[in-house]
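K.L.:
I'll drop the sequence and a predicted model, then ask my questions.
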2 protein chains.
Amino acid sequence: MASDPSLAKGTAFAELLLQGPEPPSLLDDLTGMFRKAFCLRGADKRLTLSVCAMSVLQGLFPILDWWKSYNLKFFRSDLMAGLTLASLSIPQSIGYATLAKLDPQYGLYTSVVPPLVYAVTGTSREIAIGPVAIVSLLLSSMIQKIVDPAVDPASYRKMVFTVTFLTGVFQFAFGLFRLGFLVDFLSHAAIVGFMGGAAIVIGLQQLKGLLGLDHFTNRTDVVSVTKAVWVSVHETGKKYKKLFWVSAIAPVLSVALSTLFVYVTRADEHGVKILQKVNSGINASSVKQIDLKGGYVAECAKIALVCAVIALTEAVAVGRSFSVIKGYCLDGNKEMVAMGFMNIAGSLSSCYVATGSFSRTAVNFAAGCKTAVSNIIMAATVMVALELLTKLLYYTPVSILASIILSALPGLINVQEVCFLWKVDKIDFLTCMGSFLGVLLGSVEIGLSVALGVSFAKIIIQSIRPQVEILGRLQGTDIFCSIKQYPVVCQTPTVLATRIETSFLCFVNASSVKEKIMGWVTDKGKAFRSVVLDMSNVVNMDTSGLAALKELHKELACLGIQVSFTDILRSSEMQICRPILSPCAENNRVQMAIARPGWQVTHKMKLARLIDGVGEGWFFLTVGEAVEACLANKAGNTLEFC
Amino acid sequence: MASDPSLAKGTAFAELLLQGPEPPSLLDDLTGMFRKAFCLRGADKRLTLSVCAMSVLQGLFPILDWWKSYNLKFFRSDLMAGLTLASLSIPQSIGYATLAKLDPQYGLYTSVVPPLVYAVTGTSREIAIGPVAIVSLLLSSMIQKIVDPAVDPASYRKMVFTVTFLTGVFQFAFGLFRLGFLVDFLSHAAIVGFMGGAAIVIGLQQLKGLLGLDHFTNRTDVVSVTKAVWVSVHETGKKYKKLFWVSAIAPVLSVALSTLFVYVTRADEHGVKILQKVNSGINASSVKQIDLKGGYVAECAKIALVCAVIALTEAVAVGRSFSVIKGYCLDGNKEMVAMGFMNIAGSLSSCYVATGSFSRTAVNFAAGCKTAVSNIIMAATVMVALELLTKLLYYTPVSILASIILSALPGLINVQEVCFLWKVDKIDFLTCMGSFLGVLLGSVEIGLSVALGVSFAKIIIQSIRPQVEILGRLQGTDIFCSIKQYPVVCQTPTVLATRIETSFLCFVNASSVKEKIMGWVTDKGKAFRSVVLDMSNVVNMDTSGLAALKELHKELACLGIQVSFTDILRSSEMQICRPILSPCAENNRVQMAIARPGWQVTHKMKLARLIDGVGEGWFFLTVGEAVEACLANKAGNTLEFC
């Protein structure tokens, strides 16, 4: 152990490794999260109270930030976009309200208050707020299990408003406590499958009503439906072209034409179902209809949580897609706070759960919107319609609303994305299909549970998979790479260089890692004298991981003594039966060296006295140094394991 | 882009990185696992049928391997150990049978057939097989919810045998299909807590019987119990010293003495409860009592699964602890197959679930056992006792059995281990406590569920934690380390070097990784021109991870255009509204470089065309090269993102 410069460098590195600062504890992490959750923008202690207050207000009402630079040119664009939006929103809102098993005017109410509140509190400039098909389906399918809207519409409405209020509260809480990552728990693949399944469920429901059928008896119906869906799916690709005007105007035109037709021909007397009276007047207060003390609050809360997450997922996804196109960053947590405000305000004014709709946002974007003022214009137009035009909807046939809903559904079935999932990640494809089939064949809750279950199982499975690789040296360099990924590298004879790939060495993978390494070492074809563990990937480990490392070290140290069962019997007579390991024959010990353990890992190894057990001299900053040291020290150090 | 040698090397490395072989697909992994599961030892195609058959037999019956080297000296040691074991087993078995709410002879039966079967099929040389406290408690507490043993003992027994049979089947299946890792799912910390809680539950039950109390009314009882437990816990440390003989002989001595005492004083006429008649004769067949077609098979299967996992966990842990001391490797899967055989055979011969007991194994070890023949000796002794000595147990007081059970319990309460958990890993401590309190305050199933739940939540939480670190260069080297763990490193100005720490970039952490990096880049105090992502830790990613990388790339590329909301409004007039990103001002783009992506990750990035998007020239094998390239190329490449 002379003054070898590489050895001196090695020692300096080992000191660096083993004597660094302590990592943050679990408590530090939690308090950090807590502080961040309540941290206001620019939490600089030198700011005065008024500046702080202004900062808080600007955080809550972003409109105070951008209205200063608003001009007439923007207003013109927003006006066009808002009117286009309104022409699409009015028929869709009425349709979605019937989907949610509410009277038509509630859909119109939901296109008034929530967009207004969002325009003042939200940050996305393209998003179009209002009722959407998926959430309407969610509400009706989950609430009707508790209260039947056909039997007791007043109680059903009360529950809807209660659920909407609680949805707003949940969304606000997620945003406030920066729990935005909870929304991430529904992975994109799961959402694609869920949306697709829900769209088909809605479609089949609407078709039954549209075609007046109880079930499909005629194969042609299925064929024609499939064909119609196929055509619509292809049409979806043309969303952004100039013909979008046609798709935006078409619904309101068809409503107008069909109403005129029914009025002229008096088709309602011949069996065509019509809307009949739609209450006029803008939103009435529904504060008294929110019931937080009744017997069903727990179920309402459960439904509200599901709606909150689905609504947020859709809104954040829509907002982000368009913000990326326009090139600005959207703060997910702020959006959630805005959504929360919007739904709380809506629940107090006869609205149900609203969120961002992808199809209407695309129309808004294509129509040239500049800011959220387009939502204000739309809300104002709907208000006018509610005051003056509801009488015109008397003769509107119900089937036209069904066809409007149907026309919006193909946009939810994203076949291209499903093909992408199949190509790139089979497990994500499985998540998508599980979610899709769960919704289609079971119920919305089953679909969501399957999606969540498969998503989390994915993480667990990833932890279980074989997590250790053999490394080889890239010739002429100090770079060690996996021999499977880079077949050109060459292994060092007598030194088994391995890398532990998992970032969390824990109870699910620790034993298999240890057994795999022992399997390689005891492979009779090779004669390894040392094992290098590259632990640079391992961020953290638990006590099972520590135990596996200790056992690995022990077993490597005593490798010379046991070869076969027969030998064991003879040699065991030499063993002194006590828990402290007796030193093994020098020429049979396999040395263990560890390269670049992570921060938490080093700290835990210190606490468990594993560093003393292995020997400080056997910790290195790079695999290259570890391999060099193993090649130099053939005999290995004396072990004192405790 | 002249012929710069470093650039040439960089290009060579990039080719190596991007043109390697394809990683194994999910299907390859699954077929590999399937093949390994059914692979026989030495599956060499050139072996003849007879050699194969011999290999299979030796795999199933390891006794064929070691009996050849057996000699008289071993037999002497095993005889001593076996007799010592029997003296401890007989009283304990009777006690545990009453714990399992069965008649005393069933405990003795369980000390006959299972040890014999194990000796022939198992590989551990120290393990002592028989009934144990925890499993007896599990059986009684779970089965009595279905059938009350006091009301219908015959049906209760039938269920016990059915559960034992199914337990054996599950254990055999786990071993056969190499599902040993499923047993790892109950982490060590969870087992420690579970055992401790179960020990206290058993202890309180026994004390009630022992002291004839319905509940503790006298504080002194609690104090004396606590004191007794404390003393016993300390005594546990002396397990391995020569006085173990005393602890081994003590139970049978106390049974003998107390029986004599009761017989002489006729204490049974004064209210002392005695065993009374214990059926003599060895195991009768119980094949007809196993009921797989009845109404309770599903519940039996559920109970059997829990028993199978707990019994396996205990046996494998015991077997491994002693095999490590003696210095040989125990194949967990083979042990499971042996356990399965043992319990299936036991269920057909009036035994209930048996497993390895830590306390008896320690006695076996300390008494100098050499092979599993000690189990054969013990079984033979118990058989003799069943035939000839059961009459002697007539006057044995029940309370002495309770005290024998109590004396075995402190060995299950591992306070030292709990302190170790607190010191090293707080989350493991939480798992332990959750499991402990779940069993103590709830039930065995609640304790297990809490243990499993916290264990898996641990993996999910580890995935969510902040997973990206800033790197700095260790002066004078090419080594880049985390600036938090190694405060001496220095960051390169204008280049933000980061490492993604998680091994699975997926839906739970992808967004937060992207937001964190964007947060660092947009930090107004610095002016970063490039971002290097060290992805050597990332083994795999899903489509959410891919999407996050794509968005990160897009946002970095367009970073120059957006600074504040006000600017956005003005500049958006210049934007052409289409999904393809327009090239951004040269002097504002932030370049992204990726270092050493893993195998699966590279493959997925290729499929998703992200490599083309970022540019092949921006992938490197080491962080050092990536940083050098960023410093050299200030302007960055033209982006063509699709």
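P.N.:
It's in. Numbering: from 1, shown residues only, chains lettered A, B, ... in the order given.
K.L.:
and the longest helix seen in chain A, what's buried?
P.N.:
Secondary structure of chain A per DSSP state H: the longest helix is helix A:297-326. Going by neighbour count (16 or more other Cβ atoms under 10 Å in any protein chain shown), the buried part of helix A:297-326 is A:299-301, A:303-304, A:306-316, A:318-326. All C-beta spots, glycine's among them, are computed from the backbone N, C-alpha and C.
K.L.:
compute the inter-axis angle for the helix or strand following that helix and helix A:297-326.
P.N.:
Remark: after helix A:297-326, the chain's next helix or strand is helix A:332-347, criterion DSSP states H and E. Inter-element angle recorded for helix A:332-347 and helix A:297-326: 130 degrees (by axes from the mean of the first three to the mean of the last three Cα atoms, to 10 degrees).
K.L.:
other SSEs contacting helix A:332-347?
P.N.:
helix A:113-121, helix A:153-176, helix A:180-184, helix A:297-326 (3 or more Cβ pairs under 8 Å, 6 or more residues apart in numbering or on different chains; DSSP states H and E).
K.L.:
show me what contacts A:Leu128?
P.N.:
I think there's a mix-up here, since residue A:128 is Ala and not Leu. Shown in contact with A:Ala128 (Cβ atoms under 8 Å, 6 or more residues apart in numbering or on different chains): A:85, A:89, A:115, A:356-357, A:360-361, A:363-364, A:374-375, A:378.
K.L.:
what domains does the record give for chain A?
P.N.:
Domain assignment for chain A by automatic domain parsing gives A:70-459, A:465-637.
K.L.:
any chance of a markdown table for the contacts of A:Ala128, columns pLDDT, secondary structure and neighbour count?
P.N.:
Listed next are the contacts of A:Ala128 as a markdown table, based on pLDDT from 0 to 100; DSSP: H, G, I helix; E, B strand; the rest coil; neighbours: other Cβ atoms under 10 Å in any protein chain shown:
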| residue | pLDDT | secondary structure | neighbour count |
| --- | --- | --- | --- |
| A:Leu85 | 91 | helix | 31 |
| A:Ser89 | 91 | helix | 33 |
| A:Pro115 | 96 | helix | 30 |
| A:Gly356 | 93 | strand | 27 |
| A:Ser357 | 88 | coil | 29 |
| A:Arg360 | 88 | helix | 24 |
| A:Thr361 | 89 | helix | 22 |
| A:Val363 | 87 | helix | 23 |
| A:Asn364 | 90 | helix | 29 |
| A:Ser374 | 94 | helix | 31 |
| A:Asn375 | 95 | helix | 32 |
| A:Met378 | 95 | helix | 32 |
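K.L.:
can you give me the strands in the stretch 1-150 of chain A?
P.N.:
A:129-130 (DSSP state E, counting those that start in this stretch).
K.L.:
need the residues of it near chain B, please.
P.N.:
A:16, A:20-21, A:23, A:25-26, A:29, A:62, A:65-66, A:68-70, A:74, A:125 (Cβ under 8 Å from any Cβ of the partner chain).
K.L.:
buried subset of these as a PyMOL selection?
P.N.:
In PyMOL, this line selects whichever of these come out buried by 16+ other Cβ under 10 Å:
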select buried, chain A and resi 16+20+23+62+66+74+125
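K.L.:
what is the nearest of the residues of the stretch 1-150 of chain A next to chain B to B:Val272?
P.N.:
Relative to B:Val272, the closest of the residues of the stretch 1-150 of chain A next to chain B is A:Leu26; by Cβ to Cβ it sits at 53.4 Å.
K.L.:
pLDDT at that closest one, what is it?
P.N.:
On the pLDDT scale, A:Leu26 is placed at 69.
K.L.:
the particular helix or strand that has A:Gly447 in it: which residues count as buried?
P.N.:
With elements taken from DSSP H and E, the one containing A:Gly447 is helix A:444-464. Within helix A:444-464, the residues scored as buried using 16+ other Cβ under 10 Å are A:444-448, A:450-452, A:454-456, A:458-459, A:462-464.
K.L.:
around chain B, which positions in the stretch 251-400 of chain A sit nearby?
P.N.:
A:320, A:324-329, A:332, A:365-366, A:368, A:370-371.
K.L.:
who are the packing partners of the one helix or strand A:Leu552 maps to?
P.N.:
Using DSSP H and E, the element containing A:Leu552 is helix A:543-557. Applying 3+ Cβ pairs under 8 Å, 6+ apart, one finds that helix A:543-557 contacts strand A:504-505, helix A:510-521, strand A:591-595, helix A:599-607, helix A:610-614, helix B:188-211, helix B:297-326, helix B:415-424.
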